[in-house]
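A.B. asks: Have a look at this fold, sequence not included:
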(Lines give C-alpha, C1' and ligand atoms only; values in the text may rest on other atoms or scores of the structure.)
Protein backbone atom coordinates (compact mmCIF):
# COMPACT_ATOMS: atom_id res chain seq x y z
CA UNK A 1 0.00 0.00 0.00
CA UNK A 2 1.18 3.51 -0.79
CA UNK A 3 -0.76 5.30 1.96
CA UNK A 4 -0.98 4.54 5.65
CA UNK A 5 -4.42 3.67 6.90
CA UNK A 6 -5.48 3.61 10.54
CA UNK A 7 -7.90 0.82 11.41
CA UNK A 8 -10.37 0.80 14.29
CA UNK A 9 -13.73 -0.67 15.28
CA UNK A 10 -16.98 1.02 16.27
CA UNK A 11 -20.04 -0.48 17.99
CA UNK A 12 -23.43 -0.02 16.29
CA UNK A 13 -26.15 -1.72 18.34
CA UNK A 14 -25.27 -5.44 18.13
CA UNK A 15 -22.81 -4.96 15.25
CA UNK A 16 -19.14 -4.10 15.52
CA UNK A 17 -17.99 -2.21 12.42
CA UNK A 18 -14.33 -2.32 11.43
CA UNK A 19 -13.00 0.52 9.29
CA UNK A 20 -9.84 1.95 7.77
CA UNK A 21 -9.23 5.68 7.68
CA UNK A 22 -6.67 8.05 6.24
CA UNK A 23 -5.34 10.77 8.52
CA UNK A 24 -8.18 13.33 9.06
CA UNK A 25 -6.13 16.54 9.10
CA UNK A 26 -9.21 18.79 8.85
CA UNK A 27 -10.08 17.59 5.33
CA UNK A 28 -13.69 17.10 4.20
CA UNK A 29 -14.81 13.52 4.90
CA UNK A 30 -15.76 10.87 2.36
CA UNK A 31 -17.19 7.48 3.30
CA UNK A 32 -16.93 4.62 0.79
CA UNK A 33 -19.25 1.62 1.11
CA UNK A 34 -18.20 -1.62 -0.59
CA UNK A 35 -20.24 -4.13 -2.51
CA UNK A 36 -21.57 -7.57 -1.60
CA UNK A 37 -18.74 -10.05 -0.78
CA UNK A 38 -16.17 -7.20 -0.83
CA UNK A 39 -14.59 -5.22 2.02
CA UNK A 40 -13.60 -1.60 2.62
CA UNK A 41 -10.13 -2.02 1.17
CA UNK A 42 -11.66 -2.77 -2.23
CA UNK A 43 -12.01 1.04 -2.42
CA UNK A 44 -8.30 1.52 -1.69
CA UNK A 45 -7.25 2.66 -5.23
CA UNK A 46 -9.81 5.48 -5.12
CA UNK A 47 -8.68 6.42 -1.61
CA UNK A 48 -5.16 6.71 -2.98
CA UNK A 49 -6.40 9.15 -5.65
CA UNK A 50 -8.30 11.34 -3.17
CA UNK A 51 -6.14 11.21 -0.03
CA UNK A 52 -4.58 14.66 -0.51
CA UNK A 53 -7.93 16.45 -0.41
CA UNK A 54 -10.29 14.22 1.60
CA UNK A 55 -10.47 12.33 4.87
CA UNK A 56 -11.31 8.83 3.61
CA UNK A 57 -13.20 6.27 5.70
CA UNK A 58 -13.48 2.69 4.42
CA UNK A 59 -15.79 0.57 6.62
CA UNK A 60 -16.38 -3.16 6.36
CA UNK A 61 -20.10 -3.83 6.40
CA UNK A 62 -21.63 -6.41 8.75
CA UNK A 63 -20.63 -9.95 7.83
CA UNK A 64 -17.84 -8.64 5.58
CA UNK A 65 -14.17 -7.96 6.11
CA UNK A 66 -13.27 -7.75 9.81
CA UNK A 67 -16.68 -6.56 11.03
CA UNK A 68 -18.79 -8.73 13.30
CA UNK A 69 -20.41 -11.93 12.07
CA UNK A 70 -24.13 -12.35 11.47
CA UNK A 71 -26.33 -13.77 14.25
CA UNK A 72 -29.35 -15.79 13.13
CA UNK A 73 -32.49 -13.63 13.24
CA UNK A 74 -30.53 -10.40 13.63
CA UNK A 75 -31.92 -7.38 11.81
CA UNK A 76 -29.55 -6.24 9.07
CA UNK A 77 -29.44 -2.44 9.04
CA UNK A 78 -26.28 -1.34 7.27
CA UNK A 79 -27.58 2.20 6.74
CA UNK A 80 -27.97 2.56 10.51
CA UNK A 81 -24.46 1.15 10.96
CA UNK A 82 -23.04 3.80 8.63
CA UNK A 83 -25.07 6.54 10.33
CA UNK A 84 -23.68 5.42 13.69
CA UNK A 85 -20.15 5.45 12.26
CA UNK A 86 -20.61 9.01 10.94
CA UNK A 87 -21.84 10.16 14.35
CA UNK A 88 -19.20 8.23 16.29
CA UNK A 89 -16.40 9.85 14.27
CA UNK A 90 -18.07 13.28 14.41
CA UNK A 91 -17.96 13.56 10.63
CA UNK A 92 -19.40 16.79 9.28
CA UNK A 93 -21.86 15.78 6.54
CA UNK A 94 -19.58 13.44 4.58
CA UNK A 95 -19.92 12.65 0.91
CA UNK A 96 -20.96 8.99 0.75
CA UNK A 97 -20.02 6.79 -2.19
CA UNK A 98 -21.16 3.19 -2.59
CA UNK A 99 -20.81 0.35 -5.09
CA UNK A 100 -23.53 -2.25 -5.72
CA UNK A 101 -24.78 -3.31 -2.27
CA UNK A 102 -22.89 -0.30 -0.91
CA UNK A 103 -24.76 1.93 -3.34
CA UNK A 104 -28.04 0.60 -1.93
CA UNK A 105 -26.79 1.25 1.62
CA UNK A 106 -25.71 4.78 0.65
CA UNK A 107 -29.07 5.44 -1.02
CA UNK A 108 -30.96 4.26 2.09
CA UNK A 109 -28.68 6.39 4.26
CA UNK A 110 -29.57 9.46 2.20
CA UNK A 111 -33.28 8.70 2.53
CA UNK A 112 -33.33 8.00 6.27
CA UNK A 113 -30.58 10.31 7.52
CA UNK A 114 -30.46 13.24 5.09
CA UNK A 115 -28.99 15.62 7.68
CA UNK A 116 -25.87 13.43 7.91
CA UNK A 117 -25.01 13.38 4.20
CA UNK A 118 -23.73 16.12 1.89
CA UNK A 119 -23.91 14.17 -1.39
CA UNK A 120 -24.24 10.63 -2.75
CA UNK A 121 -22.30 8.76 -5.43
CA UNK A 122 -23.81 5.44 -6.53
CA UNK A 123 -21.73 3.05 -8.64
CA UNK A 124 -24.13 0.65 -10.40
CA UNK A 125 -26.66 -0.07 -7.62
CA UNK A 126 -28.50 -3.40 -8.08
CA UNK A 127 -31.77 -1.73 -9.03
CA UNK A 128 -34.41 -3.83 -10.75
CA UNK A 129 -36.17 -2.74 -13.97
CA UNK A 130 -39.56 -3.52 -12.35
CA UNK A 131 -39.83 -0.75 -9.80
CA UNK A 132 -43.39 -0.67 -8.48
CA UNK A 133 -44.89 -3.23 -6.13
CA UNK A 134 -48.14 -3.59 -8.06
CA UNK A 135 -46.19 -4.66 -11.16
CA UNK A 136 -44.47 -7.62 -9.50
CA UNK A 137 -45.49 -11.08 -10.72
CA UNK A 138 -46.61 -13.44 -7.94
CA UNK A 139 -44.05 -16.10 -8.78
CA UNK A 140 -41.36 -17.87 -6.74
CA UNK A 141 -37.97 -16.27 -7.26
CA UNK A 142 -35.07 -18.46 -8.35
CA UNK A 143 -31.78 -18.06 -6.54
CA UNK A 144 -29.74 -15.42 -8.42
CA UNK A 145 -26.43 -16.71 -9.83
CA UNK A 146 -24.46 -14.22 -7.71
CA UNK A 147 -25.90 -15.80 -4.55
CA UNK A 148 -25.01 -19.31 -5.72
CA UNK A 149 -21.51 -18.03 -6.49
CA UNK A 150 -21.21 -16.34 -3.08
CA UNK A 151 -22.13 -19.57 -1.34
CA UNK A 152 -19.35 -21.38 -3.23
CA UNK A 153 -16.64 -19.03 -1.93
CA UNK A 154 -16.16 -20.94 1.33
CA UNK A 155 -15.10 -24.03 -0.61
CA UNK A 156 -12.57 -22.25 -2.81
CA UNK A 157 -9.02 -21.23 -1.98
CA UNK A 158 -7.61 -17.75 -2.33
CA UNK A 159 -5.27 -18.97 -5.08
CA UNK A 160 -8.18 -20.44 -7.04
CA UNK A 161 -10.10 -17.17 -6.79
CA UNK A 162 -7.07 -15.15 -7.83
CA UNK A 163 -6.42 -17.36 -10.87
CA UNK A 164 -10.07 -16.98 -11.93
CA UNK A 165 -9.97 -13.21 -11.41
CA UNK A 166 -6.81 -12.92 -13.52
CA UNK A 167 -8.48 -14.93 -16.28
CA UNK A 168 -11.75 -12.99 -16.24
CA UNK A 169 -10.28 -9.51 -15.67
CA UNK A 170 -6.98 -9.32 -17.55
CA UNK A 171 -6.97 -5.50 -17.59
CA UNK A 172 -7.12 -5.11 -13.80
CA UNK A 173 -3.88 -4.40 -11.93
CA UNK A 174 -2.93 -7.42 -9.83
CA UNK A 175 -3.13 -5.36 -6.62
CA UNK A 176 -6.86 -4.83 -7.26
CA UNK A 177 -7.40 -8.52 -7.87
CA UNK A 178 -5.67 -9.33 -4.59
CA UNK A 179 -7.86 -6.91 -2.62
CA UNK A 180 -10.95 -8.40 -4.22
CA UNK A 181 -10.02 -12.06 -3.68
CA UNK A 182 -8.90 -11.53 -0.10
CA UNK A 183 -12.29 -10.01 0.71
CA UNK A 184 -14.09 -13.10 -0.58
CA UNK A 185 -12.41 -15.29 2.02
CA UNK A 186 -13.59 -12.95 4.79
CA UNK A 187 -17.30 -13.20 3.89
CA UNK A 188 -19.62 -14.60 6.56
CA UNK A 189 -21.66 -17.25 4.75
CA UNK A 190 -24.54 -16.89 7.23
CA UNK A 191 -25.39 -13.39 6.04
CA UNK A 192 -25.78 -14.26 2.35
CA UNK A 193 -29.45 -15.30 2.19
CA UNK A 194 -30.99 -12.70 4.56
CA UNK A 195 -28.95 -9.95 2.94
CA UNK A 196 -29.89 -11.08 -0.58
CA UNK A 197 -33.59 -10.91 0.34
CA UNK A 198 -33.23 -7.40 1.78
CA UNK A 199 -31.30 -6.15 -1.26
CA UNK A 200 -33.90 -7.62 -3.63
CA UNK A 201 -36.76 -5.79 -1.88
CA UNK A 202 -34.86 -2.50 -1.82
CA UNK A 203 -33.87 -2.85 -5.46
CA UNK A 204 -37.52 -2.90 -6.48
CA UNK A 205 -38.48 0.28 -4.62
CA UNK A 206 -35.74 2.59 -5.92
CA UNK A 207 -37.74 4.73 -8.34
CA UNK A 208 -40.55 5.41 -5.89
CA UNK A 209 -38.01 6.47 -3.27
CA UNK A 210 -35.70 8.48 -5.52
CA UNK A 211 -38.03 11.50 -5.50
CA UNK A 212 -37.35 11.87 -1.75
CA UNK A 213 -33.59 12.33 -2.13
CA UNK A 214 -32.67 15.88 -1.04
CA UNK A 215 -28.93 16.02 -1.78
CA UNK A 216 -26.88 15.95 -5.01
CA UNK A 217 -26.55 12.42 -6.35
CA UNK A 218 -24.23 11.06 -9.04
CA UNK A 219 -25.26 7.74 -10.62
CA UNK A 220 -22.36 6.05 -12.45
CA UNK A 221 -23.35 3.28 -14.87
CA UNK A 222 -21.70 0.69 -17.08
CA UNK A 223 -22.93 -1.57 -19.88
CA UNK A 224 -25.72 -4.06 -19.23
CA UNK A 225 -24.23 -6.53 -21.71
CA UNK A 226 -21.06 -6.55 -19.61
CA UNK A 227 -22.85 -7.28 -16.33
CA UNK A 228 -23.98 -3.85 -15.13
CA UNK A 229 -27.40 -3.53 -13.44
CA UNK A 230 -28.50 -0.03 -14.36
CA UNK A 231 -29.51 0.46 -17.99
CA UNK A 232 -29.42 3.79 -19.79
CA UNK A 233 -33.23 3.85 -19.74
CA UNK A 234 -33.19 3.45 -15.94
CA UNK A 235 -30.58 6.21 -15.61
CA UNK A 236 -32.70 8.55 -17.74
CA UNK A 237 -35.76 7.75 -15.62
CA UNK A 238 -33.74 8.55 -12.50
CA UNK A 239 -32.88 11.99 -13.90
CA UNK A 240 -36.51 12.67 -14.83
CA UNK A 241 -37.66 11.67 -11.36
CA UNK A 242 -35.34 13.96 -9.41
CA UNK A 243 -33.45 16.99 -10.80
CA UNK A 244 -30.73 16.51 -8.16
CA UNK A 245 -29.62 13.34 -9.96
CA UNK A 246 -26.71 13.49 -12.40
CA UNK A 247 -25.65 10.45 -14.41
CA UNK A 248 -22.40 9.32 -15.97
CA UNK A 249 -22.20 6.36 -18.34
CA UNK A 250 -18.76 4.78 -18.87
CA UNK A 251 -18.92 2.53 -21.95
CA UNK A 252 -16.94 -0.67 -22.04
CA UNK A 253 -17.32 -1.29 -18.31
CA UNK A 254 -19.35 -3.81 -16.35
CA UNK A 255 -20.53 -3.90 -12.77
CA UNK A 256 -17.16 -2.95 -11.26
CA UNK A 257 -16.89 0.27 -13.20
CA UNK A 258 -13.97 1.79 -11.31
CA UNK A 259 -11.88 -1.35 -11.78
CA UNK A 260 -12.64 -1.59 -15.49
CA UNK A 261 -11.84 2.09 -16.16
CA UNK A 262 -10.49 3.95 -13.14
CA UNK A 263 -9.39 6.97 -15.20
CA UNK A 264 -12.90 7.70 -16.52
CA UNK A 265 -14.45 6.90 -13.15
CA UNK A 266 -12.18 9.45 -11.48
CA UNK A 267 -12.89 12.05 -14.18
CA UNK A 268 -16.65 11.94 -13.53
CA UNK A 269 -16.20 11.66 -9.78
CA UNK A 270 -13.84 14.64 -9.62
CA UNK A 271 -16.11 16.77 -11.78
CA UNK A 272 -19.05 16.01 -9.48
CA UNK A 273 -17.03 16.75 -6.34
CA UNK A 274 -15.65 19.99 -7.73
CA UNK A 275 -19.16 21.28 -8.52
CA UNK A 276 -20.72 20.55 -5.14
CA UNK A 277 -21.98 23.64 -3.29
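C.D. replies: Yep, it's here. Being a predicted model, the structure only gives us computed values, none of them experimental.
A.B. asks: Name the nearest residue to residue 221, ignoring sequence neighbours.
C.D. replies: Spatial nearest neighbour of residue 221, excluding adjacent residues (C-beta to C-beta, 6 or more residues apart in numbering): residue 230 at 4.5 Å. For the C-beta atoms, the positions are set from N, CA and C on the backbone; glycine is no exception.
A.B. asks: Next: residue 192.
C.D. replies: Distances taken as C-beta to C-beta, 6+ apart put residue 150 closest to residue 192, at 5.1 Å, once the chain neighbours are dropped.
A.B. asks: How many neighbouring residues does that neighbour have?
C.D. replies: For residue 150, the neighbour count with other C-beta atoms under 10 Å is 20.
A.B. asks: Tell me who's in contact with it.
C.D. replies: Residues counted as contacts of residue 150 (C-beta atoms under 8 Å, 6 or more residues apart in numbering) are 36-37, 187, 189, 192.
A.B. asks: can you check residue 63 too?
C.D. replies: Taking C-beta under 8 Å, 6+ apart as the definition, contacts of residue 63 comprise 69-70, 187-188, 190-191, 195.
A.B. asks: re the thing from before, give me the secondary structure label for the residue nearest to residue 192.
C.D. replies: Secondary structure assignment for residue 150 (DSSP: H, G, I helix; E, B strand; the rest coil): helix.
A.B. asks: From residue 60, how far out is it?
C.D. replies: Distance, residue 150 to residue 60, by C-beta to C-beta, to the nearest Å: 16 Å.
A.B. asks: now residue 218
C.D. replies: 24 Å.
A.B. asks: And residue 116, by the same measure?
C.D. replies: Between residue 116 and residue 60 the distance, using C-beta to C-beta, works out to 19 Å.
A.B. asks: Repeat that for residue 242.
C.D. replies: According to C-beta to C-beta, residue 242 stands 30 Å off from residue 60.
A.B. asks: which of residue 116 and residue 60 has more neighbours?
C.D. replies: residue 60 (26 against 19).
A.B. asks: in stretch 253-272, what's buried?
C.D. replies: For stretch 253-272, a neighbour-count test (16 or more other C-beta atoms under 10 Å) marks 253-262, 264-265, 268-269, 272 as buried.
A.B. asks: so which pair among those is furthest apart in space?
C.D. replies: Across the buried residues of stretch 253-272, the two members that end up farthest from each other (C-beta to C-beta) are 254 and 272, 21.1 Å apart.
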